[in-house]
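# here are the coordinates; sequence isn't available:
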């Protein structure tokens, strides 16, 4: 299908969902579930995840009275216009202006340059009727009050044409064929007037005569961002669950090389280089899903405090979600591709499903805060906590900086570990916390000395995030004992969580050795433990992925079918290929035949010459 | 465009190339250059790189007399049928049979099972008229003589329909939209008869009465594989050259955050986290291009020896190309994506170009020997060399196992390095060689002890390949002095090669520390050196990538345009998007309007209830 066809099909599915909703009396939650089961982007998605929550949480009561119900029923379809052609992460540098004109009691929204063109806005290209525009607020005196949000009608509700002064379009295809169903768009505003109440003024306001009223807390509007980043952890977990299920099922069915007692080839999963790649993916899927639940609960608590005007946990939540967003999106993109490569040649077929999963997932590493930009924020938060640290002041450490308590312990009391013991998760967690502490300490020293280390931010952010997750994983291990699971299943899950810790330690080896947290010899014992845990998990791998309960529809993979008939499934899919429908390709008469006839003529000429 | 459209366009371009060839009198080399400048896969590519060389080098003179000229002029179009639905790397397990029938003096080619269906065969789906089929040779007594090659006509030269007994089709779309122009296909053979001379019998033969004549050397036909793997190093270098050029140009133009003395935002390339990612990509591009030239020369020497019946350098060349194929394809796929992410949000636009580069490049990690399978072969070759090692027998070490000489030196004479010095490339190379030696030694010990290490093969293969390349890089550094370059340019290239060595050392840190090759404290000095070399290279980065001489056409990237007008280039491309051609999307009347009307009706109903 072309992009236009994919876009139209996505809208057809969306329309059908609402017809079914009306016919079957679905609730909002049931409708959302049906949309998520489409398992494909729809142009409406951005209305749901960005436009609606921002508008409903930040618009004034006047605006809400007019639009809230329309927004909820999609009587208007919205988008969220922040990024510009020349400006991404640095919101303060956005060029679009919204100038308040006190006599008219209106704002004028304007794009002064090519680089100020709004860009990458989902649903803007061809679908949305309205939008929330991030623009520099300009006060009557010409004073700039920084970026604020404005509600702007983009297209006519009569005939869907762009309103006067607004130039809109689609920004074209995305890399790897990803997000093809979404019409990411651009918009340029030429002196477009909107009423004063269209500024989203729940927090900051402009009075009728043009005075600026500050928000009570500069980060009051961060709630939405925290929510999105928290939910990205859950999404990462379920995305990895799909990749793990497909790859573990296929590598169990697929046989290649070697030979078994029955004479058949060896199951691919039983090769060390394969289980060593795939079982950690399974472990991360479990851990990220649990971590997502933890963050959702933490986010709820923060929201309740915010509603009560208490912003004390906001900075903590911001630092934590930044570090975890980087950790899970980097790991998930890498792991989907690792799982795809483990499928061998068939992994490059679109019918394997993991290519599409990757193409859709990949931009997570960039949107909602580019991972490399977020690393810098994690560094800032960690250095702040480090410098606030006083001996014997453990109690003031926030949950995400608990690891810094270890710096108060004399080095002589933290002996070099000569063995890494899989049966002692407490030790594994401690090592990861100590590594985070030492990395932060060394970075603080380096900053003071003026030393250079171009990769420091990335490593520090990773160390901090690893330590945070490790503590959560040790809680999961502890909770197993009091769970209602059978002892055998407790042992399996324990192994899975310990595998998570062990491979995290392996990825941290250069830090652990550089800071003398483990001895040189322990590298070998660590890898022995990893292999042993993997071998214990191997017989349970398929069951552990079946436990995600993902249907063949959700996996959308010929190689990951539940019944294991992967070759039959590939064969059936291939018969649906449009190129196979004609007995002879139409390109034969127009192109192939002329090439062959030319070649045959020249060959005959050559022979005649001999 | 749909896949069918892309396929047809690729054939149209191919046909046009041959028309131009005839009109302008191009040589074979000029034609090949024109095809490569299309910079897109064509269905004919597999004829050129697989079918033609295999047929011409392994067919009997009888077969060549009939077909060689036709093949050269594309009077027939061929493909190479090896992989099967159920069988990849393990050629010995292929199921397709070619049974010799002495009375008819024919072979019968047959696909006995679904899993024996030939699969992933480029140009087979809709284009090829003939093919070379890899099949198990079955002798009259039922004895199997292993896989051999057979020349089979697949489609009629009259009307292009599949010949009787042959079922052919396209295997469908590939992951990430890659290789869309190529019709990878499947084929099933039902008792298809071919004449005896259609067996490619330059090396092994079957006599008229059905006796098997062995080839003089079991690896006689490996030449083609060595050639393809050698050329993959060159391809990797030029692919990285594109990724480096696009990303260095764009991150020089793009400004974000911070602020400079002139008040504008900071060039993105000047952020440590950006140059630390991109300059090593540039360094690897230079090194891989040089390495490719070295291998091409080595391959030529091997071919000359082979022609003279000397197979002595074959095993060496096989081990070297296996290790290097893994190294360069893994690094290149990773680096293209690293470069793409450094472009920020616009990197996910198809117009950035790096997505397509990635999708086309990615299968290199799997074809011509899955990288994880090749790792095992590198391990085997290294262990063989290790066990053949005797003290004071340095002279018997082959070029790719020279690093093992270090094992003859007592550990006391190899002191722990406490500083990593960028001005001493010899020291850097020695560290990488010593690491390879220790990794191989430790692996041999572990195999003997029955110890477990699931990731060992991958790490060993990487260590051996790194050492091999490091030696070549030190030769490049040495050659600079006697070059005709200006001293300043010599210094710049020296820095670039040294950066290659330094970042390779950084990636090897856990080995270097585990084997006590460097001290814990040297981690910090290594990273200081990396940052210092990067800062020296930074002003030269764009010039170093301009030096590849890649045109805007070849880069095919709005973000990598030579004139730096990236936003104008993006804007122009976006105007060509087919979805932007209608003023209002056709989906408005059919889908968007009904969704909006339903929502407006429901909103009105809600309000009426209040």
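Arrived safely, thanks for sending. Note that the structure is a prediction, hence the values are computed from the model and not measured.

# need the next SSE after the helix or strand that contains residue A:533, C-terminal direction.
For residue A:533, the host element (DSSP states H and E) is helix A:522-537. Next helix or strand after helix A:522-537 toward the C-terminus (DSSP H and E): helix A:541-546.

# and that following helix, what's buried?
Judged by neighbour count (16 or more other CB atoms under 10 Å in any protein chain shown), helix A:541-546 contains these buried residues: A:541, A:542, A:544, A:545. To be clear about C-beta, it is placed using only N, CA and C from the backbone, and glycine gets the same treatment.

# after the lowest-mean-pLDDT helix or strand in chain A, next one along is what?
Across the helices and strands of chain A, mean confidence by mean pLDDT, DSSP states H and E is lowest for helix A:45-46: a mean of 88. Downstream of helix A:45-46, the next assigned helix or strand under DSSP H and E is helix A:52-58.

# for chain A, longest helix please?
Taking DSSP state H as the criterion, chain A has its longest helix at helix A:272-307.

# quick check, that helix touching chain B?
Yes - Helix A:272-307 lies within reach of chain B by CB under 8 Å from any CB of the partner chain, at A:272, A:273, A:274, A:275, A:276.

# any chance of those residues in TSV, plus neighbour count?
As requested, the residues of helix A:272-307 next to chain B are exported to TSV (neighbours: other CB atoms under 10 Å in any protein chain shown):
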residue	neighbour count
A:272	19
A:273	20
A:274	22
A:275	23
A:276	22
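
# and which of those is nearest to residue A:162?
Nearest to residue A:162, judged by CB to CB, of these is residue A:274 at 53.2 Å.

# for residue A:141, grab the count of nearby residues.
7 (other CB atoms under 10 Å in any protein chain shown).

# report how many residues lie close to the nearest residue to it once chain neighbours are set aside.
Of all residues not flanking residue A:141 in the chain, residue A:210 sits nearest, at 7.9 Å (CB to CB, 6 or more residues apart in numbering or on different chains). Applying other CB under 10 Å, we find 16 residues neighbouring residue A:210.

# please apply the same query to residue A:138.
18.

# likewise for residue A:140?
Counted with other CB under 10 Å, residues neighbouring residue A:140 total 15.

# same question, residue A:33
Neighbours of residue A:33 under the rule other CB under 10 Å: 11.

# and it, what pLDDT?
Note on residue A:33: pLDDT of 91.

# can you check residue A:320 too?
pLDDT at residue A:320 comes out at 88.

# mind listing what's buried in the strand or helix carrying it?
Element membership for residue A:320 (DSSP H and E) is helix A:314-342. Buried residues in helix A:314-342, counted by 16+ other CB under 10 Å: A:314, A:316-342.

# still on that earlier bit, and the residues of helix A:272-307 next to chain B, which is closest to residue A:565?
Set against residue A:565, the nearest of the residues of helix A:272-307 next to chain B by CB to CB is residue A:274 (21.0 Å).

# is it true that the closest one touches residue A:342?
Yes - between residue A:274 and residue A:342 there is a contact at 5.6 Å, judged by CB atoms under 8 Å.

# quick check: residue A:422 is in a strand.
No - under the criterion used here (DSSP: H, G, I helix; E, B strand; the rest coil), residue A:422 is coil, not part of a strand.

# give me the neighbour count for it.
So residue A:422, with other CB under 10 Å, has 21 neighbours.

# any idea how far the closest residue in space to it that isn't next to it in sequence lies from residue B:453?
Spatial nearest neighbour of residue A:422, excluding adjacent residues (CB to CB, 6+ apart): residue A:529 at 4.2 Å. Relative to residue B:453, residue A:529 is positioned 11 Å away (CB to CB, to the nearest Å).

# what of residue A:459?
25 Å.

# tell me the contacts of the residue of the stretch 301-450 of chain A found nearest chain B?
As assessed by CB to the nearest CB, chain B sits closest to residue A:355 within the stretch 301-450 of chain A, at 2.6 Å. For residue A:355, the contact set (CB atoms under 8 Å, 6 or more residues apart in numbering or on different chains) comprises A:176, A:340, A:347, A:348, A:349, B:174, B:175, B:176.

# tell me who's in contact with the residue nearest the centre of chain A.
For chain A, the residue nearest the mean C-alpha position is residue A:364 (3.7 Å; CA atoms, centre = their mean). By CB under 8 Å, 6+ apart, the contact list for residue A:364 reads A:232, A:235, A:236, A:329, A:332, A:333.
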